[in-house]
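Dropping a prediction and its sequence here:
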Amino acid sequence: MKNYILLCLIIVNVFSFNSYAQQSKINAADKKYNSYAYVDAIKTYEKVAAKGYKSEDMFKKLGNAYYFNSDFQGAAKWYDELFAMNSNVEPEYYYRYAQALKSTGNLDKANRFLEEFNNKSKNDTRAKLYKNESNYLDQIKANSGRYKIEDAGINSKYSDYGSFVYNNKIYFASARDTGNFSQRRHTWTGEHFTNIYDAAIDSETGSSSKVNKFKSAINTKFHEASPVFTKDGQTVYFARNNYLDGKKGKNEEKITLIKIYSARLENNKWTKITALPFNSDNYSAAHPALSPDEKTLYFASDMPGTAGQSDLYKVSINADGSYGTPVNLGNTINTEGKETFPYVTNENEIYFSSDGHPGLGGLDVFVGNIENDGAISNIQNIGADVNSPKDDFAYIIDTASRKGYFSSNKDGGQGSDDIYKFLETKRLKCIQELSGVVTDATTGVILPDTKVTLFDNQMTPKNSVITNDSGVYTLPVECGKSYNVRAEKPEYSTKEIAVTIASTTGKTTLPIALEKSSCKVTVGDDLGKCFGIKMIYFDLDKSNIRSEAALDLEKILVVLTDYPTMKLDIRSHTDSRASFKYNEALSDRRAKSTIQWLIKNGVAPNRLTGKGYGETQLVNKCSDDVPCTEAEHQENRRSEFIITAL
């Protein structure tokens, strides 16, 4: 794409040249190159090259100037000249040349240079990804064929990109020339500076009407892009050159970088335009994206701590309107290349563009899962429908309709960048429907209003539903994964069933039959026997409560809540293996750990006592040196919940 807002820091070294006759022209071109005036620098460099002048430094800069403007054919031409002069250049040029070759369709040669890059940069994340995902083209092929794509109907012959949909309007950045007098061009790209535009979207057809310039103080004589509105429409975040209240900020090299701003809607006018506090004159921040709960802002930046040309970050938005400290999303998503244009869905997915993860060339769109701890996992290229050998980016999607937009400078467009609309016809993530009827195990009567909870294989709760009037529950699940399903209803014994979902789309049926609660207990009885609890599980030689144990302890917790005067004596037992003293101490720690779990979850301490008995109360012959099976030893490893008061 034309790099209006895309972040990249270029560090160059100026070398002396052998040809004195070309020195002044080269110096002039270097000055333009170092100030990011790539279009003008290219013109001068190519005039010098046309006269037969050759320089490794000049070929690097020519290749880079085309590369940073996403003209990969031009980049490939001059990187080819560079490698003809010297095949032992910095590893980064092997990667850029490979990316340029991909974009021109020369995949075999591109892969050879990627292999060389891997050999020279084994610690580079991109090299590791290439090595670990050497079959990435097969993966991309498998993820393709899932979209119906059309021109969005709002494009011009200039660059149009970075869309956001709000209130039946699409907002986007455009370099189209709408000035009547002053027509300012950006020396990086040779196009006009971008402003924000909008167009109404027909709710029936999805087509867009006449494009209008966003009439607001948000638009200035510099670049604006990537608007993101809050759900109430009262706040907008956007990216702009470092320019506010008529003042232009510059870094130490006198370059104006990018900042993220916010604005408030008051009396139908956008006011209080403010640079967010984590911005700086000395680095860029761009492409804001809000989490569905609007408590987190994601963005791209090259701030200190960035691994590559730009990384993805997140920052908390506090209840009082202040902001936390930006957090880098980590090296599972960020590479030494460029990660940019994040978009977060209500399905805990993050879409983004990258030229560091294995792709088809230029920027490709990827998707990853956002885990509960914020880590990004399972990153995948979304396929060749959206992605191309050119730059593909700024992907957004409505998860309900599976409709959305993305931007690309792929062949066949109207301008340098164009916006495309799409319909995702097949999910990348294989989703199944897990459903069934909950009934009485004895009578077969359906049981409405039963709580059914889905747990993953680590016993982390994922979803919960209540059966309808027909006793039916339905839960979305991922193909190929294992789950535990728990059904709970008053007067019935809670039941858990393990289920593994097939690896293809479809439906999985899991009926659940519940037994009537027939367990009547009194003082001296073992409450655990009512629920078939033979032991509380701990990791080997440890006293930490495991997830399987927590599931059983929740059953005890429910009874203690229902019977507030009940008291328990918790007894932990081991088998005879290991020493007597060790078993006694371990079982005692486990009993106390069980008590602490119940106290932590709301049970009064005076209702609980407990002790570890080690191997002193074996229930079979398996004492020291007596040969026994594992199952026989298991009988002795048990937990008891003896009722001492009701």
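That came through fine.

and the helix ranked longest in the chain, average pLDDT?
Identified as the longest helix of the chain according to DSSP state H is helix 580-600. Averaged across helix 580-600, pLDDT comes to 90.

May I see the buried residues of it?
583-584, 586-595, 597-598 (16 or more other Cβ atoms under 10 Å). Quick note: C-beta positions are derived from backbone N, CA and C, even for glycine.

out of these, who's nearest A225?
W597 (51.6 Å; Cβ to Cβ).

hmm, back to that, tabulate the buried residues of helix 580-600 in a markdown table, adding columns for distance to T494.
Listed next are the buried residues of helix 580-600 as a markdown table, based on distance: Cβ to Cβ, whole Å:
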| residue | distance to T494 |
| --- | --- |
| N583 | 31 |
| E584 | 33 |
| L586 | 29 |
| S587 | 27 |
| D588 | 29 |
| R589 | 28 |
| R590 | 23 |
| A591 | 23 |
| K592 | 26 |
| S593 | 23 |
| T594 | 19 |
| I595 | 22 |
| W597 | 18 |
| L598 | 17 |
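
Just the closest of the residues you listed to K31, please.
Nearest to K31 among these, with distances taken as Cβ to Cβ, is W597, at 68.8 Å.

just to revisit the earlier point, name the helices or strands packed onto the longest helix of the chain?
Other helices and strands packing on helix 580-600, by 3 or more Cβ pairs under 8 Å, 6 or more residues apart in numbering; DSSP states H and E, are helix 547-562, strand 567-573, strand 608-614.

and the angle for the longest one with strand 608-614?
Computed with axes from the mean of the first three to the mean of the last three Cα atoms, to 10 degrees, the direction of helix 547-562 lies at 140 degrees from that of strand 608-614.

How about residues contacting helix 547-562?
455, 458-460, 484, 486, 494, 496, 527-528, 530-531, 533, 536-538, 545, 566, 568, 594, 597-598, 601-603, 607, 641 (Cβ atoms under 8 Å, 6 or more residues apart in numbering).

now swap in the second one and tell me
Applying Cβ under 8 Å, 6+ apart, the set of residues contacting strand 567-573 from outside is 527, 536, 556, 560, 587-588, 590-591, 594-595, 606-615, 617-618, 636-645.

which among those end up buried?
For the contacts of strand 567-573, a burial check counting by 16+ other Cβ under 10 Å picks out 527, 536, 556, 560, 587-588, 590-591, 594-595, 607-608, 610, 612-615, 618, 636-643.

For the stretch 201-350 of the chain, which segments count as strands?
Secondary structure of the stretch 201-350 of the chain (DSSP state E, counting those that start in this stretch): strands at 212-213, 224-229, 235-241, 243-244, 247-248, 258-266, 269-275, 285-290, 296-301, 311-316, 327-328, 339-344, 349-354.

The ones you listed: which one's closest to S163?
Nearest to S163 among the strands of the stretch 201-350 of the chain is strand 224-229; the distance by Cβ to Cβ comes to 9.1 Å.

In the sheet, which strands lie alongside that closest one, parallel or antiparallel?
Strand pairing for strand 224-229, using DSSP bridges, gives strand 235-241 (antiparallel).

so which strand or helix has I196?
Assessed by DSSP states H and E, I196 sits inside strand 195-200.

tell me the angle of that strand relative to strand 235-241?
Going by the same axes, to 10 degrees, strand 195-200 makes 140 degrees with strand 235-241.

Show residues contacting strand 195-200.
154, 160, 168-174, 176, 178, 208-214, 216, 218-219, 224-225, 227, 238.

was I right about E491 contacting S517?
Yes: under the criterion of Cβ atoms under 8 Å, E491 makes contact with S517 at 5.6 Å.

who's in contact with I376?
L329, G330, T332, I333, I350, G368, N369, I370 are the contacts of I376 under Cβ under 8 Å, 6+ apart.

again, only using 10 Å
Listed by Cβ atoms under 10 Å, 6 or more residues apart in numbering, the contact set of I376 reads 312, 329-334, 349-350, 352, 366-370.
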